[in-house]
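Novice: I'd like to go over a predicted model; first the sequence, then the structure.
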Amino acid sequence: TIVRLADYRPSDYLIDRVDLDVRLHPTETRVTATLALRPNPAGEPGAPLVLDGDELTLLAIALDGQPTGPGAIAVTPRALTLHQPPQRPFVLEIETQVNPSANTKLMGLYRSNGVYCTQCEADGFRRITYFLDRPDVMAVYTTRIEAERHEAPVLLGNGNPVAAGELGLTRHYAVWHDPHPKPAYLFALVGGRLGRVGSRFTTMEGRSVEVAVYVEPGKEGRADFALDAVARSMAWDERTFGRAYDLDVFNVVAVSDFNMGAMENKGLNIFNDKYVLASPDTATDADYANIEAIIAHEYFHNWSGNRVTCRDWFQLCLKEGLTVFRDQEFSSDERSRPVHRIAEVRTLRARQFPEDAGPLAHPVRPQAYREINNFYTATVYEKGAEIVRMLRTLLGPETFRRGMDRYFAICDGTAATVEDFLAAFAAESGRDLTAFSRWYEQAGTPTVAVSGRHDAAARTYTLTFRQSLPVIATEAAAGAAPRPLVIPVVLGLVAPGGGPVEAVSERVRDGVFVLETAEDTLVFTGVTAPPVPSLFRGFSAPVKVEHALTRDERLTLLAHDGDAFNRWQAAQSLAMEVLVGRARAGAPLGPGAGPEGEALTRALATFLDGEALADPAFAALVLTLPGEQEIAQAIGAEVDPDAIWRARQTLRVQLGRDLGPRLLALRDALAEAPGAPFSPDAASAGRRALRNAALDLVTAADPETGTALAVAQLDSAVTMTDRLAALATVSLVPGEAREAALTRFGEASRHEPLVLDKWFALQAMIPEPGTLDRVRGLMRHPAFSLGNPNRVRSLIASFSLNNPTQFHRPDGAGYDLTAEVVLALDGKNPQVAARLLTAFNTWRMVEDGRRRQAESALRRVAETPGLSPDVSDIAGRSLAPV
Ligand code: ARG
Ligand code: ZN
């Protein structure tokens, strides 16, 4: 069944209070829900009450304390219908039974390593009890949890703890009360044996909050970084947005089996342990950065998501886009703003642009869905965040902040819409944001073509902008031509020899030009010499830019632009030109990429000499070539992934050869002082990043020397970052040294699932034909399990989504493996299976032979009987005729 935004209707009934009594049992957990209901004045009077369920067994039901009469209700595992509900407030008492141990979907109540936990977003609460499981039904919850003490000494719920006690010799209970009305998707409970680290935080309002992070016993030492990240997040949201925490406790629980990254349940955030646990010898710098960002993300949801929630699931970007924007800002403030911005854009281009260009393209606010869990996408999250960022650019930071305040003030305690969000900013700024709101409605990545012309006599410089949006056949906008978007262009002019050009244009305010029509021109006056335009500084809009800058102009920007992002972008586009040219031509692996390659290496040499040591993190990014997926996007059609790999490898070899001595010198200059204490901070991480980028390029050019250095690093490294980087470098050089290094690493990590995940991933990404068998072999590794989403992601998704040459093997065996795992997984965990199937997103872009292979694998999946709605939705949309 299809759900449509246009069909939204308020619920016919509301639930004001929920009292839950949950008696935990491994296979027969009993849940008694006492629901205080009433007819919704905005609903249809006299309508039947239909409560959602999913795989539920009803044990008992009472209406206002009385058994329901014969024929008064209809019950299936998926729904409980009360045909003639009272047209006044009434109470339903419902007892259901569920089996947490058999719950392999990891939605609703399940067990992870013996720990009872829940995941209710988007529609998992209906797997616990019959309910109006929709976000616009908000209730105050009181939860009593009862369990065997030995099995679950820790019992956690939403809100504040209000009571606890013993029951006989072996059982105990805890009662939690959450005073803030919330939708069912924010419900959570946890019961298990867990270790705890804690601290106190005093809010700006003077509330003393007990903050705790719960992890597997024995791993408490790995929770300190996450605990500290909570405190920093709380302080940042007060400082930056004036948002304080609103309960007496804030708990974070790490579990090993989790479908996504983490979940913002009110007062009880539940995390994939990958995004909590960190120690120098098990976590990389990237892990530390991710933990900090996701802790912040889930915490920030307390305001953008929980206090103000979503009216319906079409508004998902209202909380996710906004909260990603907020966590990005947090990371930028805590770390390096330009470095973080580049990382954000790389993610957007590698994940969201392909999504927007393929068969799964959808607007940031979709208009219809079959399975909402398939819409937790890069488009909703990442492009959603870009929209909020553009809004800030358009309005300026002060007005934006006042708009946020107004949004929180007006919408607090409500289930809101994108319109409510924009209305707050429109009211605050006095601007009409109707045209801007098209960003939420129109799918596809816009292209902005720009050309510049200098008129020496008139001393003017004219920029012409032309925007175009691909026509994407969404249901709501079938065939309709897309309308122009409001695109903030942050720009500046750079003098050919460096330094800013002091030119004026009345259309540019605070460095921002707003492109609102299909075509527009911008005239600067007082320009004596031809300048180099620096456009979309800081990546001010999620668009593709077509701009005929010459190589020299790009080199000028790389050397002199005042905007760090555009300096990096200049290096990227210089490299991209070389890469696309070679890949399109199907060029063989070569010792060098010709004169274009040489120009790039010369510029990079100058860059490295000048400032690599001043900002190593930035330098590492400048040295990193565009990824294979990004190159494929730039080519657009008839893509040959092997040709892309060869082009990239050729350029890597050239960089490594031409910059080799410099890179080795940098590596030495940045070496860790022996015995220096570990710090995960951005500056230390940046030094490690540049050192390892240098090692990687040196090895590309000279595998023998590089392997020796990497093997030495593998033995001496004291951080997981350096060990893993060395292993990654070695893994690209076929031979005995590689196999020995892999074996040793695997042995040493035998008891560390999260480290083994890195080891699985690295092997799954080796760009060689032997990888397919390697992956099949690793699927039989004792630590691998299809039941654990992290294992599936590290071994299988790394292969299918991050190893383009092997996923797209010309013989189709990469597609077959992926399809096979999708089908094997679908019966257990449809959400993870569906996510894996999105690897086929790019199937129409590849050259004919591969395309046919991919299509037949996809069809095989699509035609398998008994598919989950999740997988059948992705398969169906992937194959839909264009
Ligand atoms: N709201 C979570 C977040 O922080 C994501 C939960 C998604 N879960 C799901 N089963 N779809 O982004
Ligand atoms: Zn989120």
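Specialist: Now that the structure is in, tell me what you want to look at. Ligands and ions are numbered 1, 2, ... in the order given.
Novice: residue contacts, the spatially closest residue to residue 154 that is not a sequence neighbour?
Specialist: Among residues not flanking residue 154 along the chain, residue 194 sits closest, at 4.7 Å (CB to CB, 6 or more residues apart in numbering). (Each C-beta comes from the backbone N, C-alpha and C, glycine too.) Residue 194 makes contacts with 115, 154, 214, 215, 216, 217, 253, as judged by CB atoms under 8 Å, 6 or more residues apart in numbering.
Novice: ok, 10 Å please
Specialist: Residues in contact with residue 194 (CB atoms under 10 Å, 6 or more residues apart in numbering) are 115, 152-154, 156, 212-217, 219-220, 253-255.
Novice: gap between the residue lying closest to residue 414 once chain neighbours are set aside and residue 375?
Specialist: Once flanking residues are discounted, residue 414 sits nearest to residue 308: 6.5 Å by CB to CB, 6+ apart. Separation of residue 308 from residue 375 (CB to CB, to the nearest Å): 20 Å.
Novice: how about the top helix by length along the chain: buried residues?
Specialist: In the chain, taking DSSP state H as the definition, the longest helix is helix 641-669. Buried residues in helix 641-669, counting neighbours by 16 or more other CB atoms under 10 Å, are found at 641-660, 662-664, 666-667.
Novice: wait, a strand at residue 250?
Specialist: Yes - the assignment for residue 250 is a strand, going by DSSP: H, G, I helix; E, B strand; the rest coil.
Novice: OK, contacts around it?
Specialist: By CB under 10 Å, 6+ apart, the contact list for residue 250 reads 201, 209-213, 230-231, 233-234, 266-269, 299, 302.
Novice: can you check the pLDDT for it?
Specialist: If you check residue 250, the pLDDT there is 99.
Novice: again, but for residue 591
Specialist: Value for residue 591, per-residue pLDDT: 88.
Novice: any idea how far ligand 1 is from the residue of the stretch 101-250 of the chain found nearest ligand 2?
Specialist: Distances between the stretch 101-250 of the chain and ligand 2 by CB to the ion are smallest at residue 121, namely 8.8 Å. To ligand 1, residue 121 is 5 Å away according to CB to the nearest ligand atom, to the nearest Å.
Novice: which one is that residue nearest to, not counting chain neighbours?
Specialist: Distance criterion CB to CB, 6+ apart; nearest residue to residue 121, sequence neighbours excluded, is residue 185 at 4.1 Å.
Novice: that neighbour contacts residue 158, correct?
Specialist: No - using CB atoms under 10 Å, residue 185 makes no contact with residue 158, being 11.7 Å away.
Novice: element containing the residue lying closest to residue 157 once chain neighbours are set aside?
Specialist: Excluding the flanking residues, the one nearest residue 157 by CB to CB, 6+ apart is residue 176, at 2.9 Å. Element membership of residue 176, judged by DSSP states H and E, is strand 171-182.
Novice: helices and strands around that strand, which ones?
Specialist: strand 13-23, strand 139-148, strand 154-157, strand 160-167, strand 189-192 (3 or more CB pairs under 10 Å, 6 or more residues apart in numbering; DSSP states H and E).
Novice: turn these into CSV, including mean pLDDT, distance to residue 489 and mean neighbour count.
Specialist: Below are these laid out as CSV (pLDDT from 0 to 100; distance: least, CB to CB, whole Å; neighbours: other CB atoms under 10 Å):
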stretch, mean pLDDT, distance to residue 489, mean neighbour count
strand 13-23, 99, 46, 20
strand 139-148, 99, 46, 21
strand 154-157, 99, 48, 26
strand 160-167, 98, 49, 12
strand 189-192, 99, 48, 25
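Novice: now distance to ligand 2 too, for those strands, in CSV please.
Specialist: Formatted as CSV, the helices and strands packed on strand 171-182 follow (distance: least, CB to the ion, whole Å):
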stretch, distance to ligand 2
strand 13-23, 23
strand 139-148, 21
strand 154-157, 20
strand 160-167, 23
strand 189-192, 19
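Novice: any chance of JSON lines for the ones you listed, columns distance to residue 275?
Specialist: Output for the helices and strands packed on strand 171-182, formatted as JSON lines (distance: least, CB to CB, whole Å):
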{"stretch": "strand 13-23", "distance to residue 275": "26"}
{"stretch": "strand 139-148", "distance to residue 275": "25"}
{"stretch": "strand 154-157", "distance to residue 275": "18"}
{"stretch": "strand 160-167", "distance to residue 275": "25"}
{"stretch": "strand 189-192", "distance to residue 275": "16"}
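Novice: can you read off the pLDDT for the spatially most distant residue from the centre of the chain?
Specialist: Distance to the chain centre peaks in the chain at residue 457, reaching 50.9 Å (criterion: CA atoms, centre = their mean). With respect to pLDDT, residue 457 scores 98.
Novice: could you do residue 654 as well?
Specialist: 97.
Novice: that one against residue 589, yeah?
Specialist: No - the pair residue 654 and residue 589 fails to qualify as a contact (CB under 10 Å) at a distance of 11.4 Å.
Novice: could you look up the SS state of the residue nearest to residue 121?
Specialist: Applying three-state DSSP: residue 185 is helix.
Novice: per-residue pLDDT of it, please?
Specialist: 99.
Novice: residue 673 now?
Specialist: Looking at residue 673, its pLDDT is 89.
Novice: what strand or helix carries it?
Specialist: Residue 673 belongs to no helix or strand, assigned by DSSP H and E.
Novice: okay, it and residue 137: tell me how far apart.
Specialist: Distance of residue 673 to residue 137, computed by CB to CB: 59 Å.
Novice: neighbour count: the two, which is higher?
Specialist: Shown here are residue 673 and residue 137; by other CB atoms under 10 Å, residue 137 has more neighbours (21 against 6).
Novice: quick one, helices of the stretch 751-882 of the chain?
Specialist: Per DSSP state H, counting those that start in this stretch, the stretch 751-882 of the chain carries helices over the ranges 753-764, 771-778, 789-791, 798-802, 804-807, 813-826, 830-837, 848-862, 869-879.
Novice: send the alpha carbons of the longest one over as PDB?
Specialist: What that stands for is helix 848-862. Taking Å, rounded to 0.1, in the frame of the first residue of the first chain, the C-alpha atoms of helix 848-862 are listed here in PDB:
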ATOM      1  CA  ASP A 848      25.900  -2.100 -21.500                       C
ATOM      2  CA  GLY A 849      27.400  -5.500 -20.600                       C
ATOM      3  CA  ARG A 850      27.400  -4.800 -16.900                       C
ATOM      4  CA  ARG A 851      24.000  -3.100 -17.100                       C
ATOM      5  CA  ARG A 852      22.400  -6.300 -18.400                       C
ATOM      6  CA  GLN A 853      24.100  -8.400 -15.700                       C
ATOM      7  CA  ALA A 854      22.900  -6.000 -13.000                       C
ATOM      8  CA  GLU A 855      19.400  -5.800 -14.300                       C
ATOM      9  CA  SER A 856      19.100  -9.600 -14.300                       C
ATOM     10  CA  ALA A 857      20.300  -9.800 -10.700                       C
ATOM     11  CA  LEU A 858      17.900  -7.100  -9.700                       C
ATOM     12  CA  ARG A 859      15.000  -8.900 -11.500                       C
ATOM     13  CA  ARG A 860      15.900 -12.100  -9.800                       C
ATOM     14  CA  VAL A 861      15.500 -10.300  -6.500                       C
ATOM     15  CA  ALA A 862      12.300  -8.600  -7.500                       C
END
